[in-house]
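Q: with the input below, show me the fold.
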Amino acid sequence: MSKSKKKALFLGAAITSVATLVLAHGDVTPQAVDTTGLPELEEEWLSENPYRADKVGEEVWIKAMQIGDSGYNQNCARCHGLEAVSGGLAPDLRFLEAEEYGDEWYVERFRVGYTQNGTTKMPGFEGVLSQEAAWAIRTYIEARPDEGAMDDFADELKMMRDQLAAYGKDSADADADAIINRLNEIAAEIETGSGAPVADSIAFRAARVIDGTPASYASAAEVLTIGLSAAN
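A: All right, here's what the predicted structure looks like:
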């Protein structure tokens, strides 16, 4: 699916959010988001994501994604879907552009919510969750892999998963550097739906947990197992 078509679908869903969302949001209590480890932001709300890797470096960007993952799943997934994959009742946030337009749309919705014909479709989170939490969630959302982006690598990742599981029991023949390099090569080929330069894919995640120990290979195998299962 082309980027322009995805944008059109996103905007259409954003404009035509259905009344079912009212029920979904109405009985959810916002959950606090611990933003420890993120640079503190000024009181005035920003119009651009300050936690992108080109602004803060990879370490802080990864921290923002991790915090955003937790914050999103506690406060947003019920309506917008696990891993930001919408079930059709709300906009699919994976396709919200990782640029000025997308940031402005996101932060307005986050702060004030959305009301249509006097009915609240989405509550505002300003005063409930911090600006740091807002942008961490945005960072997580924009790093979601594009629809079908991993299809070409599924078979190889399954084979790597099985090999990593074996190394989790006996890592004598494992070459950690070679495995990490290949996972990173795959990760570099997986595009985001938002246009952000790096996808938080299962290949990306698996590469980060491997340190050469049997336990790390087992952890990487689990990352791939869960991710491949979710993709199916």
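Q: and Cys76, how many neighbours?
A: The number of residues packed near Cys76 is 22, by other Cβ atoms under 10 Å. Yep, even glycine has a C-beta here, placed from its N, CA and C like the rest.
Q: now do the contacts for it.
A: Taking Cβ atoms under 8 Å, 6 or more residues apart in numbering as the definition of contact, the neighbours of Cys76 are 84, 93, 137.
Q: go with 7 Å
A: Going by Cβ atoms under 7 Å, 6 or more residues apart in numbering, Cys76 touches Ile137.
Q: repeat for Gln131
A: By Cβ under 7 Å, 6+ apart, the contact set of Gln131 is 41, 45.
Q: any idea how far it is from Ser47?
A: When Cβ to Cβ, to the nearest Å is the yardstick, Gln131 and Ser47 sit 11 Å from each other.
Q: do Glu132 as well
A: With distances defined as Cβ to Cβ, the gap from Glu132 to Ser47 amounts to 15 Å.
Q: more crowded one of those two?
A: Remark: of Glu132 and Ser47, Glu132 carries more neighbours, 22 against 11, as counted by other Cβ under 10 Å.
Q: what's around Ser171, how many residues?
A: Counted with other Cβ under 10 Å, the burial measure for Ser171 works out to 18 neighbours.
Q: which helix or strand contains it?
A: Take DSSP states H and E as the rule and Ser171 turns out to sit in neither a helix nor a strand.
Q: shift numbering so it begins at 8
A: That works, and once the first residue is 8, the last one we named lands at Ser178.
Q: just checking, it touches Ala225?
A: No - with contact defined as Cβ atoms under 7 Å, Ser178 does not count as touching Ala225 (9.4 Å).
Q: so Leu100 touches Leu89, yeah?
A: No - Leu100 is not in contact with Leu89 according to Cβ under 7 Å; the separation is 11.9 Å.
Q: alright, I will stop here.
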